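Undergrad: Give me the fold of what follows.
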Amino acid sequence: MDELLMRMLERHEGRRNKPYRCPAGRLTIGVGHNIEAHPLPRDMQAFLDKHGYITDGMVDQLLIDDIGNATQDAIAAVGEETWITLGLPRQYALIDMAFSLGGAGLRKFINFLSAVRLGMWVEAAGEIRASRYYRQLGGDPAGTDDGRLERPEEIMRMIETGHFARAEAA
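TA: Residues are numbered from 1 along each chain as shown. All right, here's what the predicted structure looks like:
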């Protein structure tokens, strides 16, 4: 599993060993793992029930499994033919979106996905900026910049440029 992708998702989602309610109100643990939609494996649930937390190793295993699922969702959303032509930054951006939105949520970005399939990167980035996803996750309104690179801005830049948006990724 790519350490860079894991760090990016951890930066975007946070990391918690105890259950919490995400901004959408869903019971979550680890690195953005929605327990309500994807119950914990039986042994992990038993450990959580007994101790009130899960171990770092359990968090890592959930993350690895969730990345696998998000990757499959991202590939399905754009098609394998397109997927293999994308560079790593664009693949990571799509995985991040699938991780956050789920496969069904990502597939609702019809115009964005069409632009990605056609290699129309400025248009694809514009579709992200115009979305509720962008606003809800703290993206700056058009023409403004608060000096921070929020999650949707990072994803948008990775899609548009085909490069990692943060120095540590270079």
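Undergrad: Which residues does the lowest-mean-pLDDT helix or strand in the chain contact?
TA: Ranked by mean pLDDT, DSSP states H and E, the weakest helix or strand in the chain is helix 132-136, scoring a mean of 85. By CB atoms under 8 Å, 6 or more residues apart in numbering, the residues outside helix 132-136 that reach it are Pro23, Met97, Ser100, Leu101, Phe109, Ile128, Pro152, Met156. For glycine as for every other residue, the C-beta is placed from the backbone atoms N, C-alpha and C.
Undergrad: Ok, stretch 58-65 next?
TA: Counting by CB under 8 Å, 6+ apart, 1, 6, 9-10, 15, 17, 29-31, 33, 40, 44, 47, 54 sit against stretch 58-65.
Undergrad: Could you list every helix and strand in contact with the longest strand along the chain?
TA: The single longest strand within the chain, with elements called by DSSP state E, is strand 16-21. Counting contacts by 3 or more CB pairs under 8 Å, 6 or more residues apart in numbering; DSSP states H and E, strand 16-21 is packed against strand 27-30.
Undergrad: For the strand it packs on, which strands pair with it and how are they oriented?
TA: According to DSSP bridges, strand 27-30 has the following sheet partners: strand 16-21 (antiparallel), strand 33-34 (antiparallel).
Undergrad: what would these look like in TSV with mean pLDDT and mean neighbour count?
TA: Listed next are the strands paired with strand 27-30 as TSV, based on pLDDT from 0 to 100; neighbours: other CB atoms under 10 Å:
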stretch	mean pLDDT	mean neighbour count
strand 16-21	96	13
strand 33-34	95	20
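Undergrad: For Trp121, which of these is the nearest?
TA: strand 33-34 (30.0 Å; CB to CB).
Undergrad: Arg90: which element?
TA: helix 88-107 (DSSP states H and E).
Undergrad: ok, now which ones touch Asp96?
TA: So Asp96 contacts Met8, Leu9, His12, Ala70, Arg151, Ile155 (CB under 8 Å, 6+ apart).
Undergrad: please redo it, this time with the cut-off set to 7 Å
TA: Met8, Leu9, His12, Ile155 (CB atoms under 7 Å, 6 or more residues apart in numbering).
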